[in-house]
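Q: dropping the sequence and predicted coords here.
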Amino acid sequence: MSSFQVVDSSPGSSVSVMETSNFAHVIFQNVGKSFLPQAPLECRYTLTPYITPHPKDWVGIFKVGWSTARDYYTFVWSPMPENYEPGSTAHRAVVFQAYYVPKSDGEFYQFCYVTHAGDIRGASTPFQFRSATPTEELLTVTEDDSNSDILVVTTKTGLLERVEEAQQERRELLKAMRLLQEEKQQLQEEQKRLAREREQERETCCLLRTHNQELLRSSQGLSEEREEVRRRLTEATDRVRQLEEDLLGVTQRGLQKETELDCLRDRLKKLTAERDSLESQLKNEKDERDLYKAHLRSTELENTKLSAELQMLKAVELNREVTIAQFQEELERLRACVAQRDSLEKELLAHKADKAELARVREQLRQAEEQLQASRQQASLLASELRDSASTRDHTMTELYRARLEVDKLRASLADAQAECQRMESQLDRMRSTAQKEVGVGTNGDMTPSMIVVSEAEAELQREVEELKLRLHMAAEHYKEKYRECQRLRRQVAKLNTAESQGEPKRNASTETTLEPLTPSPESPTGGNIAAAVLQEAVEMTITPDVSNKEVTNADTQVCTEKEEQKTLNTLEEKAEVKVESQVKQMDDNEKDKENEKEEWKESLPEESLRMASWVEVENERLGAEENSEVEGALNMEELRDGAEEQGLLEVEERCMEEAEKEQTRSVEEELAMMEEKWREQCAINETLKQRLADEEERFRVQMAERASEVTELKRNLAQALRDKEQLQEVGDGAQQSCDHQPNRRSETRSSFCFDSSSDVHKRCPLCEVIFPPHFEQRSFEQHVQSHWKVCPVCSEQFPLNCQQQLFERHVLTHFDGHVLNFEQIE
């Protein structure tokens with residue numbers, strides 16, 4: 001034991017000496033003089049506050065006499081202390097495995113602590129590795145047993161094992177003592193809790209005692225009340241038996257009412273299906289009416305095209321008149337040339353001796369004749385063109401006259417359709433008021449299925465009325481524009497008429513002074529202006545029925561406005577008819593004058609050509625007396641050939657004109673036949689539509705009367721069912737209050753005939769899954785569902801929200817492609 005103490009004190013004695021040395025920062029403990037080779041070696045050391053441990057620090061075995069940290073024999077890493085605090089002391093231990101321990105070689109070794117930076121901060125005393133001898137392993141230990149000193153000799157290894165066992169036992173005892181202390185604290189806390197519970201139980205026991213005394217006092221009163229309750233129970237049992245009998249009777253009546261209600265529901269479903277079929281038929285009728293409108297619109301477009309063609313022909317005619325004026329100037333120049341030629345001939349007669357001058361005059365005469373021939377050819381071509389334009393003008397006027405007749409017929413059919421529409425509108429108002437009165441007879445304002453159907457129909461009619469108002473407004477704007485345009489065109493026609501009336505004397509004077517047959521024009525500007533005026537009046541009359549037709553189809557609520565506009569239209573139409581008749585008469589007179597001028601021109605043309613030919617022959621004979629016979633014969637042959645050619649050309653032109661007139665007559669007759677056939681088809685369509693409208697009106701009236709009677713009967717039955725239901729509820733409530741312990745079978749029987757009048761059904765949107773309360777209005781709920789769609793403002797067709805905007809706008813514009821002013825898409 002004394003040697004063991006010496007070993008323990010040896011490090012302590014060196015601490016004071018090596019405090020300032022770096023080798024004293026780590027102190028190795030229990031370092032013996034020798035250790036067994038090839039055996040595990042445990043090294044214990046203490047880290048002083050002068051060193052800070054690092055995970056890369058290590059402990060190595062060095063031979064005595066080492067110079068650097070690289071002269072180690074073997075090493076192990078130094079573990080980091082647990083819960084280490086800077087400036088504190090830590091005890092650590094490392095174990096060198098037997099494989100790495102040096103062998104017994106007689107050298108001295110020592111432990112060294114090396115930091116991660118390579119600095120040696122601690123060194124142990126030298127020791128050797130050698131095999132143990134028996135004397136070195138023996139230790140003498142003095143044991144005190146019964147106050148007697150006993151000297152025991154034991155080995156060092158055994159002593160160390162005993163010390164280790166004692167330390168292990170001490171650690172276990174400390175651990176057990178710590179557990180016992182914790183258990184002691186828990187028991188103390190449990191004791192305190194039980195003490196508190198005991199106090200609470202005492203208080204509860206006192207309260208229960210007082211309550212028990214009160215119960216004893218009240219039990220005496222309850223025994224007296226029990227007898228009274230038994231007596232009342234007997235009476236209640238008799239009453240319950242009677243109520244059960246009444247309940248069975250009421251149950252049977254409730255079942256009968258449920259059966260009747262099911263029948264009424266089936267009947268209502270049938271009526272709803274019939275209503276859907278009627279709505280589909282009405283939609284088909286509307287489609288047919290739209291087709292009729294489209295046909296009428298196409299007719300108006302044809303009239304508009306004809307008016308445009310007439311304007312174009314008028315422009316062509318003006319161009320031709322300008323050309324005629326140019327040719328007239330050319331003729332005047334030629335006449336001047338002829339007069340000059342006459343003067344030259346007179347000079348030649350006075351100076352016959354000058355043959356050279358005569359040859360020059362002959363050359364000038366020949367050139368003048370060639371120019372005259374070219375002018376005649378141009379005049380013939382111009383005459384043919386004028387004849388063509390006149391025939392075209394006649395054809396156009398015929399078309400306009402037919403269009404006016406067709407417009408009159410359409411106006412008459414339009415008036416009939418308007419009267420029919422007004423009659424149907426008044427009838428619909430009467431039926432609507434009758435339905436509202438029948439709906440008002442309902443029981444206490446309760447919403448029935450029939451009332452819901454009526455309200456939905458009213459909402460749909462309201463939407464249609466709004467749409468018709470919008471269309472009527474658009475038609476009124478269009479009518480205003482057309483009316484202003486007609487006024488402007490009338491002013492232009494009046495100006496043209498005044499201008500033509502002023503220019504007429506000048507044209508008459510020029511016609512009288514002209515000797516050639518080309519001066520009179522087959523179609524004067526006055527005729528063109530009159531045709532333009534007739535065209536504008538025809539366009540006005542075609543546009544006016546279109547506007548009034550739109551008003552008839554759209555005006556469900558503005559009858560007064562229609563009447564005023566109809567009066568205005570009638571006055572305008574009367575004025576237009578008077579003006580057109582006067583203009584037609586004037587055009588007929590002009591046509592007669594032009595025909596007379598044509599005949600005179602045809603007659604005067606051969607005479608003028610013969611006169612010119614004879615005059616040329618006389619001149620040739622007079623000049624041929626002075627020339628040789630060959631030149632004279634050639635000139636005669638040339639003049640004769642020219643006259644024959646001119647005569648042949650005139651005959652060919654006359655034949656062509658006759659054939660063209662015949663062809664135009666045939667085409668006009670064919671077009672008249674086609675127009676008459678179209679008109680007959682249109683009349684047949686109108687009659688069919690009128691008949692269908694009358695049939696649908698009669699059928700709708702009968703169905704509305706039947707539905708009104710059925711709705712009245714349904715309301716009566718529902719009112720009776722509601723009264724029976726209230727009676728049953730009152731009886732059921734009385735039975736429940738009188739006896740709450742009746743059998744479950746009876747409660748099930750009572751619930752079997754109870755009407756399901758609960759309106760507490762939550763409404764769920766099928767698209768966005770939003771839940772609405774039971775009292776939410778049906779119209780608002782439908783508006784919410786419709787908000788998930790795009791609705792066309794014209795046909796009410798629905799499109800999804802993710803539909804492309806261009807497609808939606810294209811669909812809306814398809815309803816306006818047939819507009820009167822939209823010529824591009826129609827062509």
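A: Nice, I can see it.
Q: any regions of the stretch 201-350 of the chain where pLDDT drops low?
A: 348 (pLDDT under 70).
Q: can you do 90?
A: 209-210, 212-232, 234-350 (pLDDT under 90).
Q: can you give me the helices in the protein?
A: Counting by DSSP state H, the chain has helices at residues 2-15, 134-137, 156-350, 355-440, 449-513, 525-554, 559-624, 629-738, 744-752, 778-786, 805-813, 823-826.
Q: looking at those helices, which has the lowest confidence?
A: Across the helices of the chain, helix 2-15 has the smallest mean pLDDT, namely a mean of 34.
Q: gap between Glu164 and Phe129?
A: 22 Å (CB to CB, to the nearest Å). To be clear about C-beta, it is placed using only N, CA and C from the backbone, and glycine gets the same treatment.
Q: how does this protein divide into domains?
A: 2-131, 263-440+449-725 (automatic domain parsing).
Q: follow-up on the earlier one: if you count what's nearby, which of Glu164 and Phe129 comes out ahead?
A: Phe129 (21 against 10; other CB atoms under 10 Å).
Q: okay, that one: pLDDT?
A: So Phe129 comes in at 90 (pLDDT).
Q: can I assume it is in contact with Phe108?
A: No: assessed by CB atoms under 8 Å, Phe129 is found out of contact with Phe108, at 9.6 Å.
Q: the closest residue to Val31 other than its chain neighbours: how many residues sit nearby?
A: Closest residue to Val31 apart from its sequence neighbours, by CB to CB, 6 or more residues apart in numbering: Ser124 at 4.5 Å. Here the count is done by other CB under 10 Å, and Ser124 has 23 residues near it.
Q: how far away is Ser124 from Cys112?
A: Counting by CB to CB - Ser124 and Cys112 are separated by 8 Å.
Q: and Gln418, how close does it get to Glu300?
A: On the measure of CB to CB, Gln418 and Glu300 end up 17 Å apart.
Q: returning to what we had before: what sits against the residue nearest to Val31?
A: Phe28, Val31, Cys43, Gln110, Phe111, Cys112 (CB atoms under 8 Å, 6 or more residues apart in numbering).
Q: quick one: these as JSON lines, columns for neighbour count too.
A: Below are the contacts of Ser124 laid out as JSON lines (neighbours: other CB atoms under 10 Å):
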{"residue": "Phe28", "neighbour count": "19"}
{"residue": "Val31", "neighbour count": "19"}
{"residue": "Cys43", "neighbour count": "20"}
{"residue": "Gln110", "neighbour count": "18"}
{"residue": "Phe111", "neighbour count": "23"}
{"residue": "Cys112", "neighbour count": "23"}
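Q: among these, which ones are in strands?
A: Phe28, Cys43, Gln110, Phe111, Cys112 (DSSP state E).
Q: okay, the third one: pLDDT?
A: Put plainly, it is Gln110. Reported pLDDT for Gln110: 93.
Q: please name the bridge partners of it.
A: Phe62 (DSSP bridges).
Q: how about the first one?
A: Taking DSSP bridges as the rule, Phe28 bridges to Tyr45.
Q: was I right to think it contacts Cys43?
A: Yes: using CB under 8 Å, Phe28 is in contact with Cys43, at 6.7 Å.
Q: give the residues shared as contacts by those two.
A: Contacts common to Phe28 and Cys43, judged by CB under 8 Å, 6+ apart, are Phe111, Ser124.
Q: which pair in the contacts of Ser124 spans the largest distance?
A: By the measure CB to CB, these have their two most distant members at Val31 and Cys112, which lie 11.9 Å apart.
Q: follow-up on the earlier one: which one's more surrounded, Gln418 and Glu300?
A: Glu300 (21 against 18).
Q: give me the neighbour count for Arg320.
A: Neighbours of Arg320 using other CB under 10 Å come to 18.
Q: ok, it - contacts?
A: Neighbours of Arg320 in contact, by CB under 8 Å, 6+ apart: Leu382, Glu385, Leu386, Ser389, Ser521.
Q: so which of these comes closest to Glu285?
A: Out of these, the member with the shortest distance to Glu285 (by CB to CB) is Ser389, at 47.9 Å.
Q: quick one: the closest one from Ala315, how far?
A: The value you get for Ser389 to Ala315, if CB to CB is used, is 11 Å.
Q: higher neighbour count, the two?
A: In this view Ser389 and Ala315 are compared by other CB under 10 Å, and Ser389 has more residues nearby, 19 against 11.
Q: how many neighbouring residues does Gly158 have?
A: Count around Gly158 with other CB under 10 Å applied: 11.
Q: same check on Glu477?
A: Neighbours around Glu477, by other CB under 10 Å: 10.
Q: Ala412 too?
A: Neighbours of Ala412 (other CB under 10 Å): 11.
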